[in-house]
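# Show me the folded form of this:
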Amino acid sequence: MVMIKSLVFDKDGVLLDLIETWLPVMQGMAEYTLSLVPADSGRPVSRAMLLTSVGINDETGRVDPNGLFARGSFFEIRAVWQTLLPAGMINLQEDETYRSEVKNIVRELGRGNAVAKGDLLTPLTLLSDAGFKLAVLTNDSEGSARQGLEEVGVAHLFDPIIGADSGHGGKPDPSGLLHCCTMHGSAPAETLMIGDTSADYDAAINAAVRGFVCIADDPAHRPDAAIAESDVIARLSDLPDLLVRRGNMT
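Numbering: from 1, shown residues only. Prediction:
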């Protein structure tokens, strides 16, 4: 049996609580974007419309696990929002003032608000001490990812931490995952991806890694029916026991 050497984790929804950490940021971004829409534009746009378009129910705070907010990047979110705005408005991808203000919103509403998805330090330390090399691969920016992981006290356990802006593209492109393998000196066949969305699963398939472990409250919420229900866990604290059952850890 090929031994697993590397464990590569998605961040939001796996290490950090996606809703608690990011919902206020997304609501703030939507409000700012709306403030730029002229009152006489003739095209009604609401905060709820913007958030719904990326998989967030603004009224309940519920998130579609396969929606763009859960699996995509800010670049992709801006592209969708652009289609809902009146013609002739600023280009959300290119306008430097808009992008600068969004960065300020992320800093102001996101800094100090990272919420861990359960106990992280205990299982991650156990995995590191067992000899696994740990990495993070997220569609968030690298700087934001580092900040959030530092806030919950686990950043020191990961190397590398790869974001969508780190030069390897975003998931489901396999480049970032393959870069993690290279940094660890591990072959894809010696690597597991741990994630919660279709972007994570597709990156694992595209990189041909050994397997995929899904974090989901209910196996029915796994992003693909091809993922065995036995490889679905609710929290990271369940990962060491799963690896023992899989024969990847003693």
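# Just give the nearest non-adjacent residue to residue 163, would you?
Closest residue to residue 163 apart from its sequence neighbours, by CB to CB, 6 or more residues apart in numbering: residue 142 at 3.2 Å. In short, each C-beta sits where N, CA and C put it, glycine included.
# Could you tell me the model confidence score at that neighbour?
With respect to pLDDT, residue 142 scores 94.
# From residue 170, how far off is it?
In this view, residue 142 and residue 170 are 12 Å apart by CB to CB, to the nearest Å.
# in terms of contact count, name the helices or strands touching the strand or helix carrying residue 99.
Counting by DSSP states H and E, the element that carries residue 99 is helix 96-110. Contacts defined by 3 or more CB pairs under 8 Å, 6 or more residues apart in numbering; DSSP states H and E place helix 96-110 against helix 18-35, helix 142-151.
# Those helices: which one's closest to residue 98?
Across those, residue 98 has its closest neighbour in helix 18-35 (7.9 Å, CB to CB).
# which one of residue 142 and residue 170 has more residues nearby?
residue 170 (24 against 17; other CB atoms under 10 Å).
# Give me the distance between that one and residue 69.
14 Å.
# With residue 239 instead?
Distance of residue 239 to residue 69, given as CB to CB: 24 Å.
# dump the residue contacts of residue 39.
Residue 39 sits next to no residue when contact means CB atoms under 8 Å, 6 or more residues apart in numbering.
# Three-state assignment for it, please.
Secondary structure, DSSP: H, G, I helix; E, B strand; the rest coil: residue 39 is coil.
# Please enumerate the strands of this structure.
Using DSSP state E, the strands of the chain run over 6-9, 133-137, 161-162, 191-195, 211-215, 232-233.
# Turn those into JSON lines, including mean neighbour count and distance to residue 54.
Below are these laid out as JSON lines (neighbours: other CB atoms under 10 Å; distance: least, CB to CB, whole Å):
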{"stretch": "strand 6-9", "mean neighbour count": "26", "distance to residue 54": "23"}
{"stretch": "strand 133-137", "mean neighbour count": "25", "distance to residue 54": "21"}
{"stretch": "strand 161-162", "mean neighbour count": "24", "distance to residue 54": "22"}
{"stretch": "strand 191-195", "mean neighbour count": "26", "distance to residue 54": "18"}
{"stretch": "strand 211-215", "mean neighbour count": "23", "distance to residue 54": "20"}
{"stretch": "strand 232-233", "mean neighbour count": "20", "distance to residue 54": "24"}
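# and those as a markdown table, adding mean pLDDT and distance to residue 64?
Shown next, in a markdown table, are the strands of the chain (pLDDT from 0 to 100; distance: least, CB to CB, whole Å):
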| stretch | mean pLDDT | distance to residue 64 |
| --- | --- | --- |
| strand 6-9 | 99 | 21 |
| strand 133-137 | 99 | 21 |
| strand 161-162 | 98 | 25 |
| strand 191-195 | 98 | 16 |
| strand 211-215 | 97 | 16 |
| strand 232-233 | 98 | 18 |
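# on that earlier part again, with just CA atoms, put the helix holding residue 99 into PDB.
Written as PDB, here are the backbone C-alpha positions of helix 96-110 (Å, rounded to 0.1, in the frame of the first residue of the first chain):
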ATOM      1  CA  GLU A  96      -8.900  50.300  -8.600                       C
ATOM      2  CA  THR A  97     -11.000  52.400  -6.200                       C
ATOM      3  CA  TYR A  98     -13.600  49.600  -6.000                       C
ATOM      4  CA  ARG A  99     -11.000  46.900  -5.400                       C
ATOM      5  CA  SER A 100      -9.200  49.000  -2.800                       C
ATOM      6  CA  GLU A 101     -12.400  49.700  -0.900                       C
ATOM      7  CA  VAL A 102     -13.300  46.000  -1.000                       C
ATOM      8  CA  LYS A 103      -9.900  45.100   0.500                       C
ATOM      9  CA  ASN A 104     -10.600  47.700   3.200                       C
ATOM     10  CA  ILE A 105     -14.000  46.000   3.900                       C
ATOM     11  CA  VAL A 106     -12.300  42.600   4.100                       C
ATOM     12  CA  ARG A 107      -9.700  43.900   6.600                       C
ATOM     13  CA  GLU A 108     -12.200  45.900   8.700                       C
ATOM     14  CA  LEU A 109     -14.900  43.200   8.900                       C
ATOM     15  CA  GLY A 110     -12.700  40.200   8.700                       C
END
